[in-house]
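Asks: Next one to model:
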Amino acid sequence: MKRKLFAITLAAILLLAGCGAGSSGSKGAENSPDSSAPSGAWSGADGGYWDMGASDYMPAPGEPGAPIETESQEDGIYQNPRAKLIRRAEISIQTEQFDQSKAALDQLVAECNGYFENSSEYGGSRRDVNASRRGEYTVRVPAEKYDQFLSQTGELGYVTSKNESSEDVGERYYDTEARLKTQRTKQERLLALLEKAETMEDIITLENALSDVEYQIEQYSSELNRYDALVGFSTFNIYLSEVGRVTQEVGETASLGQRMAAGFQASVRGLGEGFQNLLIWVSYNVFLVAVLAAVAVVGVFLGRRELKKRLRQDKSEKE
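Replies: Predicted structure coming up:
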């Protein structure tokens, strides 16, 4: 009978895990029905209640895990003290001075107390020393430095694209926090029962239950730490490209004269670049060009010789 009573007590603790989070048992207060709680629920002294049908504790307003009260759109989510925002941005930048822009990026990261999570650079090696370089960087900066970092990236070069995104994980964060609190309460109660256990069977049962609870605590703690890292530090993905000349295309809203001038300048630049590319091609294929030139000279010589021969034949026939 005693063992059955112990098993029933253990089952009740596992079923109503964390009831200490919703009651003030440490202060000697007892749970009592609350007219504001849903039917089938018992309220706690802190204003929360246990839903006996769902076997889950519903936190009181203001407690971790309580439903988040949404603000009006005029206030904005950025002023919501319970919001947990994960902010990200992707920026593509062109520069004519790659080394200077990279040094400026390093300085900006240091000024904002951030760090490089990933850094990759391509081009400029021994085999392609004259190739255009490009870099891909993942930068983490404190959330309060987000606007400062974003605004100063325009000084690194010409920004060709910029994308921003934010995600509010407050509901998931507070739900995980409440679940962690529940598991810790369950752990305390199981430890108290373990001290009173008398048989080896009861001890093994309690230790297995404690092992499961400790695993859940570790999982929820890791999840909260991950959220804290993502919320505390914003993420920037920066793509830095080296170009021979930074160009700013004339938009459709420009005047007719501006668009015609831009088109003429583009034509002149295209002609110059085409001539340069031709010279470069010749330098890489100089032997082929020499052979083609020799064949052309021989062809011209033979052609002129054949033409003179025919002219002499025509002259002799006429005489």
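
Asks: low-scoring pLDDT stretches of this protein, where are they?
Replies: Residue ranges of the chain with pLDDT under 70: 1-81, 124-131, 246-252, 254, 262, 265-266, 269, 318-319.

Asks: ok but residue 94 is inside a strand, no?
Replies: Yes: when the secondary structure is assigned by DSSP: H, G, I helix; E, B strand; the rest coil, residue 94 falls within a strand.

Asks: How much space separates residue 239 from residue 147?
Replies: 20 Å (Cβ to Cβ, to the nearest Å). The C-beta positions use only the backbone N, C-alpha and C, and glycine is treated the same way.

Asks: Those two: which is more packed in?
Replies: Under the criterion of other Cβ atoms under 10 Å, the comparison of residue 239 against residue 147 puts residue 239 first, with 15 against 11.

Asks: Tell me who's in contact with the more buried one.
Replies: Neighbouring residues of residue 239 by Cβ atoms under 8 Å, 6 or more residues apart in numbering: 90-93, 134-136.

Asks: in the host helix or strand of it, what's buried?
Replies: Secondary-structure assignment from DSSP states H and E places residue 239 in strand 233-242. Within strand 233-242, the residues that qualify as buried by neighbour count (16 or more other Cβ atoms under 10 Å) are 233-238, 240-242.

Asks: now, among those, which is nearest to residue 113?
Replies: Within the buried residues of strand 233-242, distances to residue 113 taken as Cβ to Cβ reach their minimum at residue 233, with 9.7 Å.

Asks: dump the residue contacts of the closest one.
Replies: Contact analysis of residue 233 by Cβ under 8 Å, 6+ apart lists 114, 140-143.

Asks: can you do 10 Å?
Replies: 86-87, 113-115, 117, 139-143, 145-146 (Cβ atoms under 10 Å, 6 or more residues apart in numbering).

Asks: Now for residue 132: which residues touch it?
Replies: Under the criterion of Cβ under 10 Å, 6+ apart, the contact list for residue 132 reads 98, 122-124, 241-244.

Asks: a markdown table for the residues you listed, including distance to residue 272?
Replies: What follows is the contacts of residue 132, written out as a markdown table (distance: Cβ to Cβ, whole Å):
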| residue | distance to residue 272 |
| --- | --- |
| 98 | 23 |
| 122 | 28 |
| 123 | 24 |
| 124 | 25 |
| 241 | 22 |
| 242 | 20 |
| 243 | 16 |
| 244 | 12 |
